[in-house]
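Novice: coordinates for the following, if possible.
(one chain, ligands or ions: 1)
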Amino acid sequence: MNLDFIIVGGGVIGCATALEMALQGARVTMLDRGLVGSESSWAGGGILSPLLPWDYLPPVTRLTQWSTSLYLNWVSELLGSTGVDPEFAESGMLVLPPFDAEKARNWCRDNDWEASRVATQSVMPVLTQHSNSLWLPKVNQVRNPLLIKALVKRLEMLGVEIRPYTQVSAIEYDGNKVSAMKVAEESVSASQYIVAGGAWSRELFGSKSGALNIKPIRGQMLLFKLEPSALSHIVLQSGVYLIPRRDGHILVGSTLEDVGFDKSTTEEAAKQLHAAAARIFPRLKNENPVKHWAGLRPGSPDNIPIIARHPDIENLYVNSGHFRYGVTMAPGSAKILSNLIFDQPQPFDVSPYGWPSET
Ligand SMILES: Cc1cc2nc3c(=O)[nH]c(=O)nc-3n(C[C@H](O)[C@H](O)[C@H](O)COP(=O)(O)OP(=O)(O)OC[C@H]3O[C@@H](n4cnc5c(N)ncnc54)[C@H](O)[C@@H]3O)c2cc1C
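Specialist: Numbering: from 1, shown residues only. The predicted model follows:
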């Protein structure tokens, strides 16, 4: 099949989708109204797992598990072909109490996840001590801004046309087809269109958004800089996590705020995140954050993304609504969309990611 695509949105989902389409031999143009990868996909943490996986419905478990199983090959291929290292790391994650230990144990057993109850001391002596923590050694991470850099380079190598600072102001329809995307004074067209506009996806569909329920959920993050290996693993307690990077940076996140398209940061959140981080890792009490930012996640009900064809418009697709786990879900979601478009078998039942029906 010789198809050409316009993809709106150059976050991790748009880039992963563009890569998948280009690998299928399609001609691809990716439009972003800003710098590619500078929104949620830059702001995120890069943990490759739901935070407390036992708190999510099976469609989230299935997609995150499958997508993470693709990750090592995906990033290795990116590193090998581009020379850009996305810093994939088998960090492991230590969950500190309180958490629902029985629910966690049952979920890990049923999903074949390696997990053990440990004293914090035995895994990370630098932390405040708890006798009943949970060690999840198979949780990985990636440095998301570097992942985007590698993806962009790979897309360029494959001949994908990337157009930053190109805002789509409207999708133009002709009957049950998209005829073009309106960009400034110009209209750009292709045979197929994919919306991967993150938190802005619903707005992009305009009058055709139907029951698509994607909205921005702000997340604020603090960054500290210590020496490399000051913290050896990801740590999570009561919704606050610390992610150590290879070079000694430590990300502390994050808030979950329903404040519309407002990306500003607040002093209050900085104080709360800093205090929570210092309770986990006391050394941070006397450290000043080197950066503080916010990003807008593409929030969706139950964190289940929509990876589907539009119900009424035959050449229009969506890959969006990955909410808290878009970095984790990126390779799997792109593959599911590609299977749908190129009529290939799916790895499991993908109907939960279908276009939502009006009720
Ligand atoms: C604080 C924080 C922490 C996070 N931590 C993690 C984590 O640890 N692990 C994980 O897996 N996920 C995490 N996430 C979630 C993850 O970052 C998102 O799910 C993911 O980045 C969504 O990718 P996206 O490509 O859909 O959206 P985005 O990265 O937001 O990309 C959408 C793109 O569409 C473009 N766009 C929008 N409207 C238009 C238009 N009209 N015309 C042209 N372009 C347009 C935007 O400019 C943007 O570049 C976190 C997010 C935040 C904010």
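Novice: ok, the residue in the stretch 1-150 of the chain positioned nearest to the ligand to G46 distance?
Specialist: At 2.2 Å from the ligand, G11 is the closest residue in the stretch 1-150 of the chain, using CB to the nearest ligand atom. C-betas here are computed from N, CA, C, even on glycine. From G11 across to G46, the span is 13 Å (CB to CB, to the nearest Å).
Novice: can you check I313 too?
Specialist: 34 Å.
Novice: host element of the closest residue to the residue of the stretch 1-150 of the chain closest to the ligand other than its chain neighbours?
Specialist: The shortest distance from G11 to any non-neighbouring residue, by CB to CB, 6 or more residues apart in numbering, is to S41 (3.9 Å). Per DSSP states H and E: S41 is located in helix 40-43.
Novice: so which elements touch that helix?
Specialist: helix 12-23, helix 144-157, strand 291-299, helix 326-341 (3 or more CB pairs under 8 Å, 6 or more residues apart in numbering; DSSP states H and E).
Novice: again, only this time at 10 Å
Specialist: Here helix 40-43 is seen to pack against helix 12-23, helix 144-157, strand 215-225, strand 291-299, helix 326-341 when contacts are counted using 3 or more CB pairs under 10 Å, 6 or more residues apart in numbering; DSSP states H and E.
Novice: for this protein, give me the ranges with low pLDDT.
Specialist: 1-2 (pLDDT under 70).
Novice: give me the distance between the nearest residue to K103 once chain neighbours are set aside and N106.
Specialist: Sequence neighbours aside, W54 is the residue nearest to K103 in space, at 4.9 Å (criterion: CB to CB, 6+ apart). From W54 over to N106 the distance is 8 Å, taken as CB to CB.
Novice: following the helix holding S41, which helix or strand comes up?
Specialist: According to DSSP H and E, the helix or strand after helix 40-43 is helix 58-82.
Novice: could you point out which element follows that following helix?
Specialist: strand 93-95.
Novice: so what strands line up beside that next one?
Specialist: Using DSSP bridges, strand 93-95 pairs in its sheet with strand 133-136 (antiparallel), strand 234-237 (parallel).
Novice: could you dump these into JSON lines with distance to N73 added?
Specialist: Shown next, in JSON lines, are the strands paired with strand 93-95 (distance: least, CB to CB, whole Å):
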{"stretch": "strand 133-136", "distance to N73": "22"}
{"stretch": "strand 234-237", "distance to N73": "22"}
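Novice: buried deepest among those, which one?
Specialist: Ranked by mean neighbour count, the strands paired with strand 93-95 are led by strand 234-237 with a mean of 25 (mean count of other CB atoms under 10 Å).
Novice: tilt between whichever helix or strand comes after that one and strand 215-225?
Specialist: Downstream of strand 234-237, the first helix or strand assigned by DSSP H and E is strand 240-244. With axes from the mean of the first three to the mean of the last three CA atoms, to 10 degrees as the basis, strand 240-244 and strand 215-225 are set at 50 degrees to each other.
Novice: restricting to C-alpha, output strand 240-244 in PDB.
Specialist: What follows is strand 240-244, C-alpha atoms only, in PDB (Å, rounded to 0.1, in the frame of the first residue of the first chain):
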ATOM      1  CA  VAL A 240       5.900  11.500  44.800                       C
ATOM      2  CA  TYR A 241       8.800  10.000  42.900                       C
ATOM      3  CA  LEU A 242      12.500  10.600  42.600                       C
ATOM      4  CA  ILE A 243      14.200   9.600  39.300                       C
ATOM      5  CA  PRO A 244      18.000   9.500  39.300                       C
END
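Novice: okay then, goodbye and thanks.
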